[in-house]
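Q: sequence-free structure coming up:
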Ligand code: ZN
């Protein structure tokens, strides 16, 4: 008699557990879909430049059409005039060496961004040690895009690839 009561109680508790599980399973897909939609529309990137003339990342990845927010941090202490950093995203097929020459010619007054031509997809301001700057742009079509720091002499060390999926 006692055994059968325990068996019934055990059976009821299993049913309750199953019922609870089902209602949770029904709620989850909605939440996941919303989260994924936001992730697909926006991308947040960060990259760091230091006094050793180095970016901490050689590769960044986003998806085509995403609204990208990139924050450049200068973790060094040197002044902008001596060790300035920016983050410049170049159009496909840009000759980086000749672009860098134009950037130097543009001068510090223009943050070493050429005032003519359409080689620049997006760029941050030029900053010195301890500073931080953010740029927002829309990710271009799928492909690989080079990014550099266009401060004189930096591009050969400070360069990397933005991969757009
Ligand atoms: Zn630099």
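A: All right, it came through fine. In this text the structure is predicted, and so the values were computed from the model without any measurement.

Q: and residue 94, which of the three is it?
A: coil (DSSP: H, G, I helix; E, B strand; the rest coil).

Q: let me fix that, I meant to ask about residue 161.
A: Assignment for residue 161 (three-state DSSP): strand.

Q: what does residue 98 give?
A: Following three-state DSSP, we place residue 98 in the helix state.

Q: just give the number of residues close to it.
A: 10 (other Cβ atoms under 10 Å). C-beta coordinates here come from the backbone N, C-alpha and C atoms, glycine included.

Q: also residue 115?
A: By other Cβ under 10 Å, 10 other residues sit near residue 115.

Q: likewise for residue 82?
A: Residue 82 has 11 nearby residues by other Cβ under 10 Å.

Q: then residue 135?
A: Neighbours of residue 135 (other Cβ under 10 Å): 18.

Q: quick one: it is in a strand?
A: Yes. Residue 135: assigned to a strand according to three-state DSSP.

Q: what sits against it?
A: Residues in contact with residue 135 (Cβ atoms under 8 Å, 6 or more residues apart in numbering) are 69-70, 72, 87, 122-124.

Q: out of those residues, which are inside helices?
A: Counted as lying in helices by DSSP state H, out of the contacts of residue 135, is not a single one.

Q: and these as TSV, adding neighbour count?
A: Below are the contacts of residue 135 laid out as TSV (neighbours: other Cβ atoms under 10 Å):
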residue	neighbour count
69	14
70	23
72	24
87	27
122	19
123	23
124	21
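
Q: identify the bridge partners of residue 161.
A: Note on residue 161: beta-bridge partners residue 59, residue 146, judged by DSSP bridges.

Q: oops, could you answer that again for residue 136 instead?
A: Here residue 136, judged by DSSP bridges, has bridge partners residue 69.

Q: ok, it - how many residues close by?
A: Applying other Cβ under 10 Å, we find 10 residues neighbouring residue 136.
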